[in-house]
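> make a model of this:
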Amino acid sequence: MVTSSGVLATSGRVVRLVVTVVVSGLLLAGTFAGSDDHFPFGPFSMYSSAHDPNAGVVSNTVEAVLDDGRVVAVSDGDTGMRRAEVEGQLPRFVEDPQMLEQLAVAHERRRPGAPRYAAVRVVRRSYQLRDGRPVGAVTEDIVAEWRRP
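So this is what the prediction gives:
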């Protein structure tokens, strides 16, 4: 594709032009008709819009109750399951809280010397924003919970 003089041959230029047109077409089509599933050719909607600075906010957190009664936040490193994966499975956890036991099992495998989880729960926190800052009380609801028998 490159001649002995270092100049790109006609076939090389044609290949580059075709690739550029195809990739540009995919990006354009994904922009107008794509979804997050089509990334990187579709929009990544999580970053495509701004939130209302005067709206309500809902945040889900996974917590564990240790054998000694302390409540701790469950991190990615504790179980190997990232927050986005947990949030993606949230409807299943709500429908079948017994599935949260798997987070306790994963924790025991990853951190064998650490205190065991006596319970794992998903807590939904809600609060109001005014000018982008939290105002008022935070409402907490346990939406799914598993307890060790």
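> need the helix or strand of this structure with the lowest average pLDDT.
One helix or strand of the chain scores below all others by mean pLDDT, DSSP states H and E: helix 83-88, with a mean of 84.
> list the buried ones in it?
Buried positions in helix 83-88, judged by neighbour count with 16 or more other CB atoms under 10 Å: Val86. All C-beta spots, glycine's among them, are computed from the backbone N, C-alpha and C.
> show me what the helix or strand just after that helix is packed against.
Using DSSP states H and E, the helix or strand that follows helix 83-88 towards the C-terminus is helix 90-95. Counting contacts by 3 or more CB pairs under 8 Å, 6 or more residues apart in numbering; DSSP states H and E, helix 90-95 is packed against strand 117-130, strand 133-147.
> let's see 7 Å
Judged by 3 or more CB pairs under 7 Å, 6 or more residues apart in numbering; DSSP states H and E, helix 90-95 is in contact with strand 133-147.
> can you give me the mean pLDDT across the strand it packs on?
The average of the pLDDT scores along strand 133-147 is 94.
> list the helices and strands that strand packs on?
Partner elements for strand 133-147 (3+ CB pairs under 7 Å, 6+ apart): helix 90-95, strand 117-130.
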